[in-house]
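This is a predicted model, with the sequence first.
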Amino acid sequence: MTSAHPNDARVKDLVAKFTEIGIAQYRAAYVIDTAKYNRLYKEMQHVRAELRSMPGDQRRAVLPLLAHSNVQVRLMAANTLLGIDPQSARRALEEVRDSGIQPQCADASGMIRALDDGSFIPS
């Protein structure tokens, strides 16, 4: 039996990779391994770009990650979704900011500020 949409399996794989990268970023941030974090950030950008380029802009597939137990995964999912579900993404950013977990709460606070002052316009 084949799936209704041939890209379903690829989307699931990309969401799993997105999650793995977010968890690895979390670990890299806490041991202050900037080089590793930066490499992982580039990998995350590739996953986002691939999801976006798929028919129907499949970034929406990371929506469930807004409730992930890992704060870095939640932060990155929120940033990814700002252009397609700004209300849900902002709520998640506010939750990360209010968590007080560093450095993610500072990153979320900065993104909220950038959205509010117009220096960042999601796409």
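The structure has been received and is ready for your questions.

What about Ala49, how many residues nearby?
11 (other C-beta atoms under 10 Å). For glycine as for every other residue, the C-beta is placed from the backbone atoms N, C-alpha and C.

Can you work out which other helices and strands pack against the host helix or strand of it?
Secondary-structure element containing Ala49, defined by DSSP states H and E: helix 34-53. Applying 3 or more C-beta pairs under 8 Å, 6 or more residues apart in numbering; DSSP states H and E, one finds that helix 34-53 contacts helix 8-30, helix 71-81.

and that helix, average pLDDT?
Per-region confidence: helix 34-53 scores 97 on mean pLDDT.

ditto for stretch 83-100
97.

Pull out the buried residues from it.
For stretch 83-100, the neighbour count (16 or more other C-beta atoms under 10 Å) marks 84-85, 88-90, 92-93, 95-97 as buried.

any residues touching that stretch, and which ones?
Contacting residues not belonging to stretch 83-100 are listed as 57, 59-60, 63, 66, 71, 74-75, 77-82, 104-105, 107-109, 111-112, 115, 122-123 [C-beta atoms under 8 Å, 6 or more residues apart in numbering].

quick revisit: in helices, which of the buried residues of stretch 83-100 appear?
88-90, 92-93, 95-97 (DSSP state H).

Just send these back as CSV, with distance to Ala9 too.
Shown next, in CSV, are these (distance: C-beta to C-beta, whole Å):
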residue, distance to Ala9
Ser88, 25
Ala89, 26
Arg90, 31
Ala92, 26
Leu93, 30
Glu95, 31
Val96, 30
Arg97, 35
